[in-house]
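Engineer: pasting a predicted model and its sequence here:
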Amino acid sequence: MFQRVLCVSAFVFLFTLGFAGPASAQSNDGRILGTITDAQSKVVVGAKIAITNTGTGATRNLESNGAGDYTAPALQPGLYTVTAEAHGFKKVEHSNIRLEVGNDVRVDIQLVPGAVDEIIQVTAEAPLITTTNDTIGGSLSNKEINDLPLNGRDYQNLIVLRPGVFRFPGGGFESIVANGMRPEDNNFVIEGGDDNDPYYSGNIINAEGVQGTPGSILPIDSIQEFNTEENPPPDTGWKPGVTVNIGIKSGTNNLHGTAYGFERNNALDARNWFNAKPDPQTALRQHQFGGTVGGPIKHDKVFFFLGYEGVRGFISNASTSSAPADVGLPTPVDPTSGTPTPNCTFIREGDCASSLTDALADLKAAGIVPNPLSLNLIGMGTFTGNGVFPGLFPVNNGTNPAGTTIVNTNFPNQNRSDTGVAKVDYHLTNKQTISGHYLIGDSKQIEQDATILQPEWRSQSTLRAQVLGVNWAWTPKSTVVNEARFAFNNFWQKIQSVDNAADPLTTYGLNTGVTNPINFGLPRIDIGDFTQLVI
């Protein structure tokens, strides 16, 4: 039995001064900045700039400084409109400006002479190259995340689309590597809060269960965007690998939502390479379903967003193990005398290497009495184990085409996970914003992660992951940014065998001396010439 409990809380208070300081990548907020000039490329001082979030209606009002520059830090990701006006110039409006998680967008505006009530509208296009910093990486929008093929709907499988980042084949524990660093060198951030598990150094939401299958799934419909930084700056560089910064969607003035369901079934799948005919095709059924909803609580002021995703999986394993050929078969009997007629004697005839019946008969011929406990464990004794223990070996009828001692042990993986997301945004003023988020994942996974011969010895993971954060951003003026962040996360996981409640003495007839129920279940047993049982 393996159990780990993790509880981490952190309070971070940032006070940043500086007109054009870089946006903090530890934050999910972004920044819009630029320079206001006239038709002769001379700077315009004192121009009025309004930056409006088109989804929530929140507006930030600024003025260009003596160098014609402006900057609006601590902006939530989303679509924005930037307008600039000055006396003697036409009003200029840049629309459809997409601000991504933790990124900067530069919007330089050129004013032309004319009446201020005249408006020049410009539809913005995303720049091909980021000129405000030298970070290697980039962002993936919600549309890209949803449109790209994504097995299991695990956003982590998209991180490898960035240069220098790859994932070991099969994924699982500590499988993401960036630029030659170790897997535990990566940094995961949700809404500016810590999402790192110090035990495995992976993330808490989407943390792996038994075989590397995520025990919780952050619904990709709930992700606004995420970006990666592969050479993180000093303010976030406490880990040298890739920094994955995730932003959760926010509600807007319009009620919106999604609903979805995805189905995988072996009836529509090709066979596993190791699941060859004439054996029946192993079962595979995986359902992923969920939905999101977001909207206003108070128009232009308070917004909510909720998301949920559930997973129900039943996936067989295509595997074989070695077991005695006659387990579950009756001992051959002479039809005339009615006495057992084993196939070998003490003089080494027959098949004692793969036949328990023959081996026991050989021992009897030599005057050797087998230990009753051994007979019980191989299912050929009198102990019934409360009527639930069939013996160490599965039934082998000897008809498997791979050989008389080979049996299929396609014990299925059975997974259930439920993950919920909640977020609230409150725009106190055009200079102050408070947002809070809560994520919870709960799962139970039963999987075959070792060579075993009975289904009750599969591993079982029970997991609960929680991430909570509250962010407050105050920008009294463009040269002052004040951010306060509180983050709390809790991770609890217990890994044990399915038979963890079985008393070895009463269930298996094994007096192991264990009396503490936390250590119940069949202990590890190795049997020479047959499969080693890792229990």
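Structural biologist: Thanks, I have it.
Engineer: thought Gly102 was touching Arg31?
Structural biologist: No - judged on CB atoms under 8 Å, Gly102 makes no contact with Arg31 at a distance of 9.3 Å. Every residue, glycine included, has its C-beta placed from N, CA and C.
Engineer: looking at the two, which one has more neighbours?
Structural biologist: Gly102 (29 against 23; other CB atoms under 10 Å).
Engineer: residues near the residue lying closest to Met380 once chain neighbours are set aside, how many?
Structural biologist: Nearest in space to Met380, with sequence neighbours left out and distances taken as CB to CB, 6 or more residues apart in numbering, is Leu356 at 6.4 Å. Counted with other CB under 10 Å, residues neighbouring Leu356 total 23.
Engineer: do the same with the one 3 residues further on
Structural biologist: Neighbourhood size, Ala359 [other CB under 10 Å]: 20.
Engineer: and it, that's in a helix?
Structural biologist: Yes - the assignment for Ala359 is a helix, going by DSSP: H, G, I helix; E, B strand; the rest coil.
Engineer: look up how far Leu150 lies from it.
Structural biologist: The span separating Ala359 from Leu150 equals 52 Å under the rule CB to CB, to the nearest Å.
Engineer: what's the burial count for Ala267?
Structural biologist: With other CB under 10 Å as criterion, Ala267 counts 9.
Engineer: now do the phi/psi pair for it.
Structural biologist: phi -60, psi -20 (degrees, to the nearest 10).
Engineer: again, but for Thr506
Structural biologist: phi -80, psi -20.
Engineer: equivalent analysis for Glu447, please.
Structural biologist: phi -140, psi 150.
Engineer: now Glu483
Structural biologist: Note on Glu483: its backbone torsions stand at phi -130, psi 130 [degrees, to the nearest 10].
Engineer: wait, doesn't it sit right on Trp472?
Structural biologist: Yes - counting by CB under 8 Å, Glu483 does reach Trp472; the two are 7.0 Å apart.
Engineer: who's more crowded, these two?
Structural biologist: For Glu483 and Trp472, the more surrounded residue by other CB under 10 Å is Glu483, and the numbers stand at 21 against 18.
Engineer: name the residues linked to that one by a beta bridge.
Structural biologist: As for beta bridges, Glu483 partners with Leu14, Ala473 under DSSP bridges.
Engineer: just the element for the closest residue to Ser443 other than its chain neighbours, please.
Structural biologist: Spatially, and ignoring its direct neighbours in sequence, Ser443 is nearest to Ser417 (3.6 Å; CB to CB, 6+ apart). Per DSSP states H and E: Ser417 is located in strand 413-429.
Engineer: packing partners of that strand?
Structural biologist: Packing contacts for strand 413-429, counted by 3 or more CB pairs under 8 Å, 6 or more residues apart in numbering; DSSP states H and E, involve strand 302-315, strand 432-447.
Engineer: and Val242, which of these is closest to it?
Structural biologist: strand 432-447 (20.8 Å; CB to CB).
Engineer: what residues sit buried inside the closest one?
Structural biologist: Applying a neighbour-count criterion of 16 or more other CB atoms under 10 Å, one finds 433-437, 439-443, 445-447 buried in strand 432-447.
Engineer: what does stretch 485-497 give?
Structural biologist: Under the neighbour-count criterion of 16+ other CB under 10 Å, stretch 485-497 has 485-491, 493-497 buried.
Engineer: could you dump the residues you listed into CSV with distance to Thr282 and secondary structure added?
Structural biologist: Compiled in CSV, those are given as follows (distance: CB to CB, whole Å; DSSP: H, G, I helix; E, B strand; the rest coil):
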residue, distance to Thr282, secondary structure
Arg485, 48, strand
Phe486, 48, strand
Ala487, 43, strand
Phe488, 42, strand
Asn489, 37, strand
Asn490, 37, strand
Phe491, 32, strand
Gln493, 28, strand
Lys494, 28, strand
Ile495, 24, strand
Gln496, 25, strand
Ser497, 22, strand
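Engineer: pLDDT for those residues - can I get that in TSV?
Structural biologist: Putting the buried residues of stretch 485-497 into TSV (pLDDT from 0 to 100) gives the following:
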residue	pLDDT
Arg485	87
Phe486	90
Ala487	89
Phe488	90
Asn489	90
Asn490	90
Phe491	91
Gln493	90
Lys494	90
Ile495	88
Gln496	89
Ser497	89
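Engineer: closest to Gln454 out of those?
Structural biologist: Ser497 (10.2 Å).
Engineer: tell me which of the helices and strands packed on strand 413-429 sits nearest to Thr507.
Structural biologist: Closest among these, using CB to CB: strand 432-447, at 18.3 Å.
Engineer: now the closest one and strand 302-315, what's the angle there?
Structural biologist: Relative orientation of strand 432-447 versus strand 302-315 (axes from the mean of the first three to the mean of the last three CA atoms, to 10 degrees): 10 degrees.
Engineer: what lines up beside strand 432-447 in the sheet?
Structural biologist: The strands beside strand 432-447 in its sheet (DSSP bridges) come out as strand 413-429 (antiparallel), strand 459-477 (antiparallel).
Engineer: let me see the mean pLDDT of that strand.
Structural biologist: Per-residue pLDDT values over strand 432-447 give a mean of 94.
Engineer: the stretch 251-400 of the chain: strands as residue ranges?
Structural biologist: Using DSSP state E, counting those that start in this stretch, the strands of the stretch 251-400 of the chain run over residues 256-265, 284-298, 302-315, 320-322.
Engineer: list the buried ones in the second one?
Structural biologist: Using 16+ other CB under 10 Å as the test for burial, strand 284-298 gives 284, 286, 288, 290-292, 294-296.
Engineer: check those residues and tell me the two furthest apart.
Structural biologist: Leu284 and Pro296 (42.4 Å).
Engineer: quick one, domains of the protein?
Structural biologist: The chain breaks down into these domains under automatic domain parsing: 26-123, 137-319+411-497.
Engineer: as JSON lines, the ones you listed with distance to Arg524 would be great.
Structural biologist: What follows is those, written out as JSON lines (distance: least, CB to CB, whole Å):
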{"stretch": "domain 26-123", "distance to Arg524": "45"}
{"stretch": "domain 137-319+411-497", "distance to Arg524": "10"}
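Engineer: can you tell me how far Leu363 sits from Ile315?
Structural biologist: On the measure of CB to CB, Leu363 and Ile315 end up 42 Å apart.
Engineer: the more surrounded of the two?
Structural biologist: Higher neighbour count among Leu363 and Ile315: Ile315, with 18 against 14, using other CB under 10 Å.
Engineer: what's the neighbour count on the residue nearest to Ser443?
Structural biologist: If we define neighbours as other CB under 10 Å, then Ser417 has 22 of them.
Engineer: please apply the same query to Pro476.
Structural biologist: The local packing of Pro476 (other CB under 10 Å) involves 10 other residues.
Engineer: circling back: in JSON lines: the strands of the stretch 251-400 of the chain, plus distance to Thr35 and mean pLDDT.
Structural biologist: Putting those into JSON lines (distance: least, CB to CB, whole Å; pLDDT from 0 to 100) gives the following:
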{"stretch": "strand 256-265", "distance to Thr35": "35", "mean pLDDT": "93"}
{"stretch": "strand 284-298", "distance to Thr35": "35", "mean pLDDT": "95"}
{"stretch": "strand 302-315", "distance to Thr35": "32", "mean pLDDT": "95"}
{"stretch": "strand 320-322", "distance to Thr35": "69", "mean pLDDT": "71"}
